[in-house]
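1. pasting a predicted model and its sequence here:
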Amino acid sequence: MLGCGYRSPDEEQLVSLRAACPRARWHVVGDASSPGLIRRAVTGGSRLAHDILRGLASASMR
């Protein structure tokens, strides 16, 4: 998780993180993708978390 507080994403941080962990799956939500309302950032993060958990649950049932 990367906290953002500026009006535009810091893409250099994302590039550095991806380079440091190239095999990781990266998801960009909220102000990290574009500035907006906090409720949209929270909703986006919540939806992503649910999608990831659903994926883990379905993978464990195989």
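-> Yep, it's here.
2. following the chain onward from the helix or strand where residue 17 lies, which element is next?
-> Assigned by DSSP states H and E, residue 17 belongs to helix 11-20. Next along the chain after helix 11-20, taking DSSP H and E as the criterion, comes helix 38-60.
3. which outside residues touch that next one?
-> Under the contact criterion CB atoms under 8 Å, 6 or more residues apart in numbering, helix 38-60 has outside partners 27, 29, 30, 31, 33. Every C-beta, even on glycine, is put in place using the N, C-alpha and C of the backbone.
4. tell me which two of those residues sit farthest apart.
-> 27 and 31 (13.7 Å; CB to CB).
5. returning to that earlier point: and the helix holding residue 17, what does it pack onto?
-> If contacts are counted by 3 or more CB pairs under 8 Å, 6 or more residues apart in numbering; DSSP states H and E, helix 11-20 sits against no helix or strand.
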